[in-house]
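Student: Predicted structure and sequence below. I'll ask about it afterward.
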Amino acid sequence: MEASSGTEEPVSGELVSVAHALSLPAESYSNDPDIEMAWAMRAMQHAEVYYKLISSVDPQFLKLTKVDDQIYSEFRENFEKLRIDVLDPEELKSESAKEKWRPFCLKFDGIVEDFNYGTLLRLDCSQGYTEENTIFAPRIQFFAIEIARNREGCNKAVYTSVKDKEEKGANNGGEKGADSGGETEKEANKEINKSGETAM
């Protein structure tokens, strides 16, 4: 391993090659297990950061992108009746759903960075990321649904649930595991950049 300067961490050749591989277009790949694992790990990290944010900061105040207003208005214009609190996978993945989602997603090509990057999306927004409650979705689909969930109050259940547990822990004498010092909120605030947008 070599370091590029005296103060930077060393970078392994393997990390550089994975980073390069992730930057190539999807058409360049067959089903390479190493690439799939790298994508899955990045998607899981994204999911963990997002869940920490909505658990520790009132979701109605989160701004996920610079174009949240545009994403939300386009989403509700095109998917006015889509139930977002508990998603039906068929409304995201069926052939007829894909035909409707495709033009919506393509509107954000060049507007939202990595708009078609794979992310994990919770089906039931009152629950966390579990195997049963998670579906793989393009990043713009994740943004559209999560922005709507935040604005329409659906994600408030997660935030309230965590706050209730913290208060209960504090009222029980600060039991071990309780976040009475606000560490979760401090961690989440680190994920919010200077302009008030999350580092998603």
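Tutor: All right, it came through fine. Everything quoted here is computed from the prediction, not taken from an experiment.

Student: quick one: the strands in the protein?
Tutor: Ranges of strands in the chain, per DSSP state E, are 118-122, 134-138.

Student: From the contact counts, what lies against the first one?
Tutor: When contacts are defined as 3 or more CB pairs under 8 Å, 6 or more residues apart in numbering; DSSP states H and E, strand 118-122 sits against helix 33-56, strand 134-138, helix 139-151. The way it works is simple: take the backbone N, C-alpha and C, and place the C-beta from them, glycine included.

Student: which of the strands of the chain sits most buried?
Tutor: Mean neighbour count (mean count of other CB atoms under 10 Å) peaks for strand 118-122 among the strands of the chain, with a mean of 22.

Student: what's the angle between that one and strand 134-138?
Tutor: Angle, strand 118-122 to strand 134-138, by axes from the mean of the first three to the mean of the last three CA atoms, to 10 degrees: 140 degrees.

Student: rewinding a little: what's the most buried one of the helices and strands packed on strand 118-122?
Tutor: Mean neighbour count (mean count of other CB under 10 Å) peaks for helix 139-151 among those, with a mean of 23.

Student: ok, and what's touching that one?
Tutor: Contact with helix 139-151 is made by 50, 54, 59-60, 62, 64-65, 68, 71-72, 74-76, 79, 84-85, 87, 92, 101, 104-105, 108, 112, 114-121, 125, 137, 154-155, 200, as judged by CB atoms under 8 Å, 6 or more residues apart in numbering.
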